[in-house]
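>>> Coordinates for the following, if possible.
(2 chains)
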There are 2 protein chains.
Amino acid sequence: MTDAHRGATTRESCAALDALDELAPRRADFALADGLIYLDGNSLGPLTRAARERVRATLDDEWARGLVASWNTAGWMGAPTRIGDRIARLIGAQPGEVLVADTLTILLAKLVLGALDLRPDRHVVVSDAANFHSDLYMVESIVRRAGRPITVRVIDRDTLDDELDDDVALVMLTHVDFRTGEMLDLAGVTERVHACGALMLWDFAHSTGAVPLDVTAAKVDLAAGCGYKYLNGGPGAPAFLYVRSSWQGVIENPLRGWLGHARPFDFERDYEAAPGVQSFVTSSPSVLALSALDGALDAFEGVTMAAIRAKSLALTDLFIELVEQRLAGHFEVVTPRIHARRGSQVSLRHHAAYGIVQALIERGVVGDFRAPDVCRFGFTPLYLRYVDVYDAVDRLVVVVERGEYADPRFATRRAVT
Amino acid sequence: MTDAHRGATTRESCAALDALDELAPRRADFALADGLIYLDGNSLGPLTRAARERVRATLDDEWARGLVASWNTAGWMGAPTRIGDRIARLIGAQPGEVLVADTLTILLAKLVLGALDLRPDRHVVVSDAANFHSDLYMVESIVRRAGRPITVRVIDRDTLDDELDDDVALVMLTHVDFRTGEMLDLAGVTERVHACGALMLWDFAHSTGAVPLDVTAAKVDLAAGCGYKYLNGGPGAPAFLYVRSSWQGVIENPLRGWLGHARPFDFERDYEAAPGVQSFVTSSPSVLALSALDGALDAFEGVTMAAIRAKSLALTDLFIELVEQRLAGHFEVVTPRIHARRGSQVSLRHHAAYGIVQALIERGVVGDFRAPDVCRFGFTPLYLRYVDVYDAVDRLVVVVERGEYADPRFATRRAVT
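Sure thing, here's the model as predicted:
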């Protein structure tokens, strides 16, 4: 694919690539406005038609008509693990290893505390300064609850090997950096962490549904990820966690609730953890939210992560190539060129990044801004076309050459871009 | 009202009460099937038409069209506190004291740990054996995280005064008992707890939207409640918490996340809690779920909790009276007769409770079973009619007199009844 589009810097040759694209029919699964180029699926994935239908069915058939009986008859009780199994396929996990619940930050709290209990003689958690800040806020607040003094070493991940010693209980890293799009070596890092006797917890927020993952082969201990980015599960969708089967029954959910009990409807006075990953349920997430995520996952049926990855790399290669051809010297391409180190986004550094993103939005190209100076563009192969990439750069050229980013309206940032 | 229906034990006189009922028009707000008598709104409230419209608008206008910009333009960012303010009115709280987030059990974890931090020299949490078991599972797991030894004394609440000493940090009680429907004295208990220097945390799962609450007058410190029972917010709806304004800025959220930060989109390395109750947000609940709850709350607009309470008592009085008249000796009425001690449900004890509930469901009357021997009936004044109460008892008489509860199909319990 990379070779195929090397010369494809005209709109016509991009259209030719679209005509050959095996994923092209998937675009029809999404309720995207005509003319909009949506390069922000790494922040909030768009609505799919199947998600809309599933939510409507939950409203009208399951909730309105089925009422409380739907906990059984519509399978609401089992939804967190059933939908988890659908996500398991996308990350290389086994059935029964993935659970949908809560929010990503809450799930990290559960996993960090659970992991620290498994390494009672160790006193250090290592994480990365480039993590999404919510992960760091959580880990720094939750380690105070470990029952012993724990130090969080927030490092530059390039120095990870220097930090790994026999006092490290847990390493928590984000697999694809939310700002730069840099992807870490899942198996290699996990192996090095294991060599010092620590557990490895991965944040897959910007990986799941975007890049192939094989948590089984990489011997990942624990992971959590996001339902509303590349999985398109809707704003604030429930998150998911992964607990390797060999840890199940060993690691405990520190935030116990009734739906993690072995027999929740027997109303027993004493807690007995449910078998498997179910024990990490505290109480049920919103069923409407679960249904949206469930419907959204239909878009991945019959598609391999390998096909998604091939197109993702082709799209990001094309974007970088066009930016360099047409806007040489204007941007620093922050995202690695090496495929093995690239997620499914391209980040461009520019002193006027906020204004550029805003001006592009006015021209129908939605990316986002990440402080202090990054324009971030996410590429979702299920709905993006090669011509979208061409057109996006075309408009970026206009924004830059005309200086539209300097519009005084963009002088004050809004909360979310 | 009580006097008015004293002689109203015919269906006609019930219909006459309905004709005079100022809340009767509210029934049209709900998407309830004709002929169904739904006495399980204390487990899962039914769909309202406004909730359906709000969810559809969130799908089609806000998510599909507005996409990521809707965090600003559709007010998604502010939804947890904006909807919290709508609930505040129903519990007698001030604006800015209520937040919608997470699930009830997770919110209890936040509040219990936060409260224990405020009483560092004390070592006891007192709770009630009759609490919903999820509350007890959570409190017993989370106190291990307090940083000092904490004993959870799970008592019979009638002996509460004997337990209150200067080592008690926190008392956590459920205001309306989920099994029996017994309501506790909010102000009186809170005052006694304060007298020993402890904080008071109330679980309002079976109170909110069902009985009048005045947390301000009662000087309640902390509370949490459920979105999917009498508030009709949908299965697994986000929960809410209340933090008295005088505790805000003092009590800390132990589960920190980015949306509880003072400036979440500045991506600051160090955590600084947002002012007010917003600091108890960890990350965003599902926006679809928030919209359903928001829409459901429309049914409470223009209605006072006093009017709801008056009808609730009339309905439960009528139900008890009819059961005693027509089924004398068959059931033990578990729910207190005294109005001041009754929530909005009636629980009947019977050795064949499970079969009775199932047989009633087949006759179009939905109540639920609570182990080991309770038939539980919830009465929601916004959509129930006096004739529904009459008809429900009429069918209960048939089920009991014909012994339909002994049907072999009901010999094995399903998970949720």
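
>>> mind listing the strands for the stretch 101-250 of chain A?
A:124-128, A:151-155, A:168-174, A:199-203, A:222-225, A:239-243 (DSSP state E, counting those that start in this stretch).

>>> okay if I get these as a markdown table plus mean neighbour count, distance to B:Leu170 and mean pLDDT?
All C-beta atoms are positioned from the backbone trio N, CA, C, and that covers glycine. Shown next, in a markdown table, are those (neighbours: other CB atoms under 10 Å in any protein chain shown; distance: least, CB to CB, whole Å; pLDDT from 0 to 100):
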| stretch | mean neighbour count | distance to B:Leu170 | mean pLDDT |
| --- | --- | --- | --- |
| strand A:124-128 | 24 | 28 | 97 |
| strand A:151-155 | 16 | 28 | 97 |
| strand A:168-174 | 25 | 30 | 98 |
| strand A:199-203 | 26 | 31 | 98 |
| strand A:222-225 | 28 | 30 | 98 |
| strand A:239-243 | 29 | 29 | 98 |
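
>>> any chance of those strands in CSV, plus distance to B:Glu301?
Converted to CSV, the strands of the stretch 101-250 of chain A look like this (distance: least, CB to CB, whole Å):
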stretch, distance to B:Glu301
strand A:124-128, 46
strand A:151-155, 47
strand A:168-174, 43
strand A:199-203, 41
strand A:222-225, 39
strand A:239-243, 33
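
>>> In CSV: these, plus distance to chain B.
As requested, the strands of the stretch 101-250 of chain A are arranged in CSV below (distance: least, CB to the nearest CB, whole Å):
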stretch, distance to chain B
strand A:124-128, 12
strand A:151-155, 8
strand A:168-174, 13
strand A:199-203, 13
strand A:222-225, 12
strand A:239-243, 8
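
>>> Mind checking those for the one nearest to B:Arg86?
With respect to B:Arg86, and counting by CB to CB, the nearest of the strands of the stretch 101-250 of chain A is strand A:239-243 at 26.3 Å.

>>> Give me the sheet partners of that closest one and which way each runs.
strand A:98-101 (antiparallel), strand A:222-225 (antiparallel) (DSSP bridges).

>>> What is the neighbour count of A:Arg122?
20 (other CB atoms under 10 Å in any protein chain shown).

>>> Tell me the backbone dihedrals of it, please.
phi -110, psi 160 (degrees, to the nearest 10).

>>> just to revisit the earlier point, among the strands paired with strand A:239-243, which is nearest B:Thr304?
Closest among those, using CB to CB: strand A:98-101, at 37.2 Å.

>>> where do the helices sit along the stretch 101-250 of chain A?
A:104-118, A:133-142, A:160-163, A:186-195 (DSSP state H, counting those that start in this stretch).

>>> Can you tell me how far A:Asn131 is from A:Ile251?
A:Asn131 sits 22 Å away from A:Ile251, taking CB to CB, to the nearest Å as the criterion.

>>> Near chain B, which residues of the stretch 101-250 of chain A are found?
With CB under 8 Å from any CB of the partner chain as the criterion, the stretch 101-250 of chain A comes near chain B at residues A:102-106, A:109, A:113, A:129, A:132-134, A:136-138, A:140-142, A:144-147, A:234-238.

>>> Generate a PyMOL selection restricted to the buried subset of those residues.
A single PyMOL command selects the buried members of those (16 or more other CB atoms under 10 Å in any protein chain shown):
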select buried, chain A and resi 102+103+104+105+106+109+113+132+133+134+136+137+138+140+141+142+145+146+234+235+236+237+238
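
>>> ok, back up a step: how about the helices of the stretch 101-250 of chain A in CSV, adding mean pLDDT?
Listed next are the helices of the stretch 101-250 of chain A as CSV, based on pLDDT from 0 to 100:
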stretch, mean pLDDT
helix A:104-118, 98
helix A:133-142, 95
helix A:160-163, 96
helix A:186-195, 98
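
>>> how about these in a markdown table, adding distance to B:Asp373?
Formatted as a markdown table, these follow (distance: least, CB to CB, whole Å):
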| stretch | distance to B:Asp373 |
| --- | --- |
| helix A:104-118 | 35 |
| helix A:133-142 | 41 |
| helix A:160-163 | 58 |
| helix A:186-195 | 52 |
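
>>> Okay, buried residues for the helix of greatest length in chain A please.
Taking DSSP state H as the criterion, chain A has its longest helix at helix A:305-326. Judged by neighbour count using 16+ other CB under 10 Å, the buried positions of helix A:305-326 are A:305, A:307-323.

>>> what's the answer for stretch A:240-256, then?
Quick answer for stretch A:240-256 (16+ other CB under 10 Å): A:240-244, A:247-248, A:251-256.

>>> just stretch A:175-192 next, same as before
Buried, per 16+ other CB under 10 Å, within stretch A:175-192: A:175-184, A:186, A:189-190, A:192.

>>> now the end-to-end length of that stretch.
15 Å (CA to CA, to the nearest Å).

>>> ok so, going back, packing partners for the longest helix of chain A?
strand A:332-333, strand A:345-349, helix A:386-401 (3 or more CB pairs under 8 Å, 6 or more residues apart in numbering or on different chains; DSSP states H and E).

>>> make it 10 Å
helix A:11-20, helix A:79-91, strand A:332-333, strand A:345-349, strand A:374-378, helix A:386-401 (3 or more CB pairs under 10 Å, 6 or more residues apart in numbering or on different chains; DSSP states H and E).

>>> and the angle from it to helix A:11-20?
180 degrees (axes from the mean of the first three to the mean of the last three CA atoms, to 10 degrees).

>>> spatially speaking, which residue is in the middle of chain A?
A:Ala205 (2.5 Å; CA atoms, centre = their mean).

>>> got a pLDDT number for the closest residue to that one other than its chain neighbours?
Among residues not flanking A:Ala205 along the chain, A:Cys226 sits closest, at 4.1 Å (CB to CB, 6 or more residues apart in numbering or on different chains). On the pLDDT scale, A:Cys226 is placed at 97.

>>> related to what we said a few turns ago, mind picking the two most distant members of the buried residues of stretch A:240-256?
Most distant of the buried residues of stretch A:240-256, by CB to CB, are A:Arg244 and A:Arg256, 20.8 Å apart.
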